[in-house]
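S.K.: build me a model from this:
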Amino acid sequence: MPGYRSVVLATDFSENATRAFEEARYMAELTGAKMSVIHVVPGSVMHGDEPAVTEGPGIDRLREMYPAEGAEYVVLHGHEADKVIKFAAEKESAVIVIGSRGVGVIVGLFGGGSVCDKIVANATVPVLVVPAG
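M.R.: Residues are numbered from 1 along each chain as shown. Have a look, this model is predicted:
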C-alpha cells in the first residue's frame, strides 16, 4: 500500500470502535503510516473552533483504550463528521477508519443518518467502515 503516511481512526468508544481500532493499527503497522486516534465530542461550538485537546483525562482514556506505539491522540469538539473529515484532510490521511453503528429508523429518516454515513458521503479520502460483529 504505497503512500500511506497517515491513518485516522475515529472512535466513539463503542465496542465496534475497538474492532475498527484493530484494523487501523494493522494498516498503520503494515504500511509504516502514522496513526491518529481521534474522538469528537458532539455539539456546536458557540465562539468558533475550540482547540484540539492533546493532553488530559480524555487523552489518557484514548491511550488506555487504543494503545498503539507512536500514535497521536486527539479530542475535538463540534460536528462529528465534519471534524473527522477536516482532521483527515489536514493530516493528509490515506484513509479514515470508523466502526459502523446502526441508527434507528426514525433517526435515519429525520436525523440525517449516522456519523458514519455522513463521513462516507463527504470524505475526500477512502473510508474503511468496519461492520459490527
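S.K.: packing partners of the longest helix anywhere in the chain?
M.R.: The single longest helix within the chain, with elements called by DSSP state H, is helix 15-31. Judged by 3 or more C-beta pairs under 8 Å, 6 or more residues apart in numbering; DSSP states H and E, the packing partners of helix 15-31 are strand 6-10, strand 34-42, strand 95-99, strand 127-130. C-beta coordinates here come from the backbone N, C-alpha and C atoms, glycine included.
S.K.: can you list contacts of that helix?
M.R.: The contact list for helix 15-31, computed with C-beta atoms under 8 Å, 6 or more residues apart in numbering, reads 1, 4, 7-9, 11, 33-35, 37, 65-66, 68, 71, 94-95, 97-101, 128, 130-133.
S.K.: how about a cut-off of 6 Å?
M.R.: 1, 4, 7, 9, 11, 35, 66, 68, 97-99, 130, 132-133 (C-beta atoms under 6 Å, 6 or more residues apart in numbering).
S.K.: for that helix, C-alpha coordinates in CSV please.
M.R.: Taking Å, rounded to 0.1, in the frame of the first residue of the first chain, the C-alpha atoms of helix 15-31 are listed here in CSV:
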residue,chain,number,x,y,z
GLU,A,15,-17.4,-1.9,21.1
ASN,A,16,-17.3,-1.7,17.4
ALA,A,17,-14.8,1.2,17.6
THR,A,18,-12.4,-1.3,19.2
ARG,A,19,-12.8,-3.6,16.2
ALA,A,20,-12.1,-0.6,13.9
PHE,A,21,-9.0,0.2,16.0
GLU,A,22,-7.6,-3.2,15.4
GLU,A,23,-8.0,-2.7,11.6
ALA,A,24,-6.4,0.8,11.8
ARG,A,25,-3.5,-0.3,13.9
TYR,A,26,-2.9,-3.2,11.5
MET,A,27,-3.0,-0.9,8.5
ALA,A,28,-0.6,1.6,10.1
GLU,A,29,1.9,-1.2,11.1
LEU,A,30,1.7,-2.8,7.7
THR,A,31,2.4,0.4,5.8
